[in-house]
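**Q** Below are the sequence and a predicted model; questions follow.
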Amino acid sequence: MRVEMKAEQTVEDAVGLRPGELLERLSNRTTGFMGCDDITEYAILDGKGNQNGTAVLTEHTDVKAPHHSTTAALGPCGSTRRSSQE
């Protein structure tokens, strides 16, 4: 599932974490023309530290307007992850 983030939204809000869930950053890389795309991958952990899924945050800063956009995408871990935000 892909979510368009608002400027005032945090990654946790965009992902729709349940109570007790945490994000752990797994990796960060840049791609695109002049490194304009920052891609950060997170693991979604439950209260016991078990991975429930993944989230990928893509921040795009363009040299032309509009200059900044952010999207977050949710991915499953095995077969256990909600299919939509609850």
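**A** Perfect, thanks for sending it. Residues are numbered from 1 along each chain as shown.
**Q** hey, let's count contacts and neighbours off CA atoms from now on
**A** OK.
**Q** pretty sure Ala14 is in a helix, no?
**A** Yes: under DSSP: H, G, I helix; E, B strand; the rest coil, Ala14 sits within a helix.
**Q** Count the neighbours of it for me.
**A** 20 (other C-alpha atoms under 10 Å).
**Q** and what of Thr54?
**A** Here the count is done by other C-alpha under 10 Å, and Thr54 has 21 residues near it.
**Q** One more: Gln9?
**A** Gln9 has 10 nearby residues by other C-alpha under 10 Å.
**Q** Ile39 now?
**A** Neighbours of Ile39 (other C-alpha under 10 Å): 18.
**Q** which one is it nearest to, not counting chain neighbours?
**A** Thr58 (4.5 Å; C-alpha to C-alpha, 6 or more residues apart in numbering).
**Q** A helix includes the one you found, no?
**A** No: counting by three-state DSSP, Thr58 is not part of a helix but strand.
**Q** and it, what pLDDT?
**A** Looking at Thr58, its pLDDT is 83.
**Q** ok, it - how many residues close by?
**A** Neighbour count for Thr58, taken as other C-alpha under 10 Å: 21.
**Q** just checking, it touches Gly32?
**A** No: Thr58 lies out of contact with Gly32 (C-alpha atoms under 8 Å); the separation is 11.6 Å.
**Q** residues contacting the residue nearest to Glu21 when sequence neighbours are not counted?
**A** Nearest in space to Glu21, with sequence neighbours left out and distances taken as C-alpha to C-alpha, 6+ apart, is Asp46 at 4.5 Å. Going by C-alpha atoms under 8 Å, 6 or more residues apart in numbering, Asp46 touches 20-22, 52.
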